[in-house]
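Participant: sequence and predicted structure below; questions after.
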Amino acid sequence: MLESLSACRRSHRPSGTTAIVPSRSPLISWMLLIYLLSVVWQVAHALTTVRVLVPAAFNQDNWATQRNLTTAFAARTGIQVEFVTMATAITDYTATAVNTMFYSKDAFVDILALDVVWIGDYGEYLLPLDGDAGLAAVLAQHNPQNVAAGMYGGQLKAVPQNADYGVLYSRMDLLNRYGYSAPPTTYQEMEEMMAKIVPEEKKTNPSFIGISNQVSAYEGLTCNVLEWAYAEDAGVLLEPDRTLSSFNQQSTVGQRVVSIGKRMRKWFANGWMSIGLTESSSGREWIRGNTLFHRNWPYMSVYTRDSGVTWPWRLTKLPAGGAALGGWLWGANKYTRNPDATKRVLELFASIEWQKSRAVFEGAPPTIPALYSGVQCIADLRGCPRAQDCSPAVVRLWSQVSRGVQSHLYPLV
């Protein structure tokens, strides 16, 4: 039977031909081997991506300057850092997006840039960071008070990104032209300077004002009000007895707050100050040369330098010396699918190399005290020495306090 089948199969082959036995070409074998090896290499060296949510930059990608650090970090650890930039720099809008992400338990973003006052709002949604040896080692270099700002419910929930404090920028060319040798040291001096200079400058630049600051119903107004209150000995908004000093207008402190509001209204009526500006919009007016003074944070010194303004300017303390101390931290989404890789990225962000780079290239005041003695840091930040004696205060219910100030004082101004 087998012989018959064999004969049958042979009968279909044309006579005079021989059977061809397939064989694999050596070239194909080598190509297949190389392909398999490349697949194995890619699997072995696959990068883990950690996404970081950040607010929009002021006119540029202000995270590109750290690309050399993230590239070296990826080569060393196999962890790739991807910045996810929001469409706005306004903190209230950023907070809304963060709320939505947490409530939906979204794991797309692993790390978030958090305003220092948000820790109390979002602490329950952040990954605990206690007990990590790598993080503990780098955090030991930081100001303990800045580290404490990341605590929530007795656990470490965020690490410092940078400190912040209000500063004054002044057009020295205009001050000198009108007979002033230095920026104002009191708000009364500032008012006298604006009264003399602004009307003259408006003759050639109708958009010119005395000061661009953050007078809009958002977090920036709270910081400005706190600074004005300090200058007028009008309390610190939230007193040690947990009362709001500015809300009792019959008290001595309350009357001083009313006086502050009247002064701001006078400035607005005289065309010395604009209502409705935020950090970004007030900064643009400064860089365009449309304002004599500008109140903002230290990072604006770098943007001013990089924008190529042609006039001399100076960064100093605010009049009367009191400044709102803020700052930003890095928190990890507790729903992240890569907790270990996320902690390693936080370790990078808290490192002295990262904070130095941010200080030099972006004007972000470090939270590592040793960096304030660096010549390069001082040269680029200009205001570094003025921050050495800053000490932060954290209030658990700051959001409620801030909203109260905005709703109460914005109409007054």
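Facilitator: That came in fine, so what should we check first?

Participant: got any ranges where the stretch 51-200 of the chain has weak pLDDT?
Facilitator: Low-confidence segments of the stretch 51-200 of the chain, defined by pLDDT under 70: 57-62, 88-92.

Participant: can you list the domain ranges for the protein.
Facilitator: 45-163+327-410, 167-323 (the TED database).

Participant: and the longest one, how far out from the chain's middle?
Facilitator: Taking the mean C-alpha point of domain 45-163+327-410 and that of its whole chain, the gap between them comes to 7 Å (Cα atoms, centre = their mean, to the nearest Å).

Participant: can you pull out the helices in the stretch 101-250 of the chain?
Facilitator: All helices of the stretch 101-250 of the chain, identified by DSSP state H, counting those that start in this stretch, fall at 119-122, 133-139, 144-148, 172-177, 187-202, 219-231.

Participant: rewinding a little: including mean neighbour count, could the domains of the chain go into a markdown table?
Facilitator: Where you see a C-beta, it was placed from the backbone N, CA and C, and this is true even at glycine. As requested, the domains of the chain are exported to a markdown table (neighbours: other Cβ atoms under 10 Å):
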| stretch | mean neighbour count |
| --- | --- |
| domain 45-163+327-410 | 18 |
| domain 167-323 | 18 |
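
Participant: just to revisit the earlier point, of all the helices of the stretch 101-250 of the chain, which one is nearest residue 350?
Facilitator: Shortest separation from residue 350 across the helices of the stretch 101-250 of the chain is recorded for helix 133-139, at 4.5 Å, computed as Cβ to Cβ.

Participant: what packs against that closest one?
Facilitator: Helices and strands touching helix 133-139, by 3 or more Cβ pairs under 8 Å, 6 or more residues apart in numbering; DSSP states H and E, are strand 158-165, helix 339-349.

Participant: please save the CA atoms from stretch 48-55 in CSV.
Facilitator: As requested, C-alpha coordinates have been extracted for stretch 48-55 and formatted as CSV (Å, rounded to 0.1, in the frame of the first residue of the first chain):
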residue,chain,number,x,y,z
THR,A,48,9.6,53.3,31.3
THR,A,49,7.9,56.7,30.7
VAL,A,50,6.9,58.9,33.7
ARG,A,51,4.6,61.7,32.7
VAL,A,52,4.8,65.0,34.6
LEU,A,53,2.0,67.6,34.5
VAL,A,54,3.1,71.2,34.5
PRO,A,55,1.4,74.5,34.0
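
Participant: surely residue 249 is in contact with residue 260?
Facilitator: No. When contacts are counted by Cβ atoms under 8 Å, residue 249 is not listed as touching residue 260 (11.7 Å).

Participant: quick one: which of the helices and strands packed on helix 133-139 is nearest residue 364?
Facilitator: Put simply, out of the helices and strands packed on helix 133-139 the one that sits nearest residue 364 is strand 158-165, at 3.8 Å, with distance taken as Cβ to Cβ.

Participant: and that closest one, which strands flank it?
Facilitator: strand 325-332 (antiparallel) (DSSP bridges).

Participant: could you give the mean pLDDT of the strand it pairs with?
Facilitator: Per-residue confidence for strand 325-332 averages out to 92 on the pLDDT scale.

Participant: before we move on, what about stretch 282-296?
Facilitator: For stretch 282-296, the mean per-residue pLDDT is 97.

Participant: what does that stretch contact?
Facilitator: Defining contact as Cβ atoms under 8 Å, 6 or more residues apart in numbering, one finds that stretch 282-296 is touched by 58, 166-171, 174-175, 183-184, 190, 193-194, 197-198, 201, 205, 207-214, 224, 227, 274, 277, 279, 300, 303-304, 307, 309, 311, 318.
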